[in-house]
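Asks: got a predicted structure plus its sequence, pasted below:
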Amino acid sequence: MKHKGDLLLFLAAFIGGSGFISSKYLLDWGYTPYQVIFGRFLVAALCLGIFYWKAWKNITKSEWKVGSILGLLLAATFLLLTLGLQYTTPSVNAFLCNTQAVVVPFICWFAFRQKPAASVILAAVVTVIGVAMLSVTDGLRLDLGAVLSFGASIAFSLQMALMGRMIADCDSVHIALVENAVVAVLAFFISIIMGGDVPPLSQGA
């Protein structure tokens, strides 16, 4: 199918966008950012593990290394994203976290000397304008939530830029398995260290 990749990316964007709203509900219901991240990635790791349980034994040392590095950046992304969501609205959080459309090409330019084409820069600018028009409803405030949200965009941009360089010889499923497992484990230990009661697991949660 010619546009399968585009459709899968669109589906990923839809799922990711719904996550901003869901996370805000969980935070409002008393869950800590670390508990939210642990819950998200525990479910993700378990679901991937069920569907691809045979793949675990085939993960190479190189894939464990690459997946762990990308997992650390992904953990930083969701930590900053979820913390930022505590101090700002889902619309502002979503807008700033999605500015990687502009950040990634410039990271690749400065770090890997991959100068983006003019069309890429134009597309990035138009994308940010479009996201802003759709997402920002009550004004973009430069508060702690906004700063943390933009930090999440930087971390995610680094992850995406490195992913483009590091996974050429890796299996994408293997990398996804390692990434999600790494974030789940990190979030679990951070939740233990930071403490805090776990609210009752309601049907909505």
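Replies: Yep, it's here. These numbers come from a predicted model, not from an experiment.

Asks: look up how far A152 lies from the closest residue to P105 other than its chain neighbours.
Replies: Setting aside the residues directly before and after it, P105 is nearest to P116 in space (C-beta to C-beta, 6 or more residues apart in numbering), at 3.9 Å. All C-beta atoms are positioned from the backbone trio N, CA, C, and that covers glycine. Relative to A152, P116 is positioned 22 Å away (C-beta to C-beta, to the nearest Å).

Asks: same check on R165?
Replies: With distances taken as C-beta to C-beta, R165 is found 21 Å from A152.

Asks: looking at the two, which one has more neighbours?
Replies: Between R165 and A152, counting by other C-beta atoms under 10 Å, A152 is the more crowded of the two (25 against 12).

Asks: roughly how far does that one sit from S202?
Replies: With the distance defined as C-beta to C-beta, A152 ends up 27 Å from S202.

Asks: now swap in A187 and tell me
Replies: Summarising the geometry, the distance separating A187 from S202, computed by C-beta to C-beta, is 20 Å.

Asks: more neighbours: which of these two?
Replies: The neighbour count for A187 versus S202, taken as other C-beta under 10 Å, is higher for A187 (24 against 7).

Asks: leaving out the residues flanking it, which one is nearest to the more buried one?
Replies: Leaving aside its sequence neighbours, A187 sits nearest to F38 (C-beta to C-beta, 6+ apart; 3.7 Å).

Asks: give the contact list for the one you found.
Replies: If you count contacts by C-beta atoms under 8 Å, 6 or more residues apart in numbering, F38 has them with 184, 187-188, 190-191.

Asks: so it is in which element?
Replies: helix 33-51 (DSSP states H and E).

Asks: show me which residues of that helix are buried.
Replies: Judged by neighbour count (16 or more other C-beta atoms under 10 Å), helix 33-51 contains these buried residues: 33-42, 44-45, 48.

Asks: distance between whichever helix or strand comes after that helix and the chain's centre?
Replies: The element immediately downstream of helix 33-51 (helix or strand, assigned by DSSP H and E) is helix 61-87. Using C-alpha atoms, centre = their mean, to the nearest Å, we find the averaged C-alpha position of helix 61-87 to lie 7 Å away from the chain's own average C-alpha position.

Asks: tilt between the next helix or strand after helix 61-87 and helix 61-87?
Replies: Scanning the chain past helix 61-87 towards its C-terminal end, the next helix or strand to appear is helix 90-97 (assignment: DSSP H and E). Angle of helix 90-97 versus helix 61-87, following axes from the mean of the first three to the mean of the last three C-alpha atoms, to 10 degrees, is 140 degrees.

Asks: quick one: contacts for L79?
Replies: By C-beta under 8 Å, 6+ apart, the contact list for L79 reads 33-34, 37, 152, 190.

Asks: measure it to R40 for me?
Replies: In this structure, L79 lies at 12 Å from R40, with C-beta to C-beta as the measure.

Asks: mutual contacts of these two, please.
Replies: With C-beta under 8 Å, 6+ apart as the test, L79 and R40 reach no residue in common.

Asks: coming back round to it: neighbour-wise, which of the contacts of F38 leads?
Replies: Among the contacts of F38, where neighbours are counted by other C-beta under 10 Å, the top count belongs to A187, at 24 neighbours.
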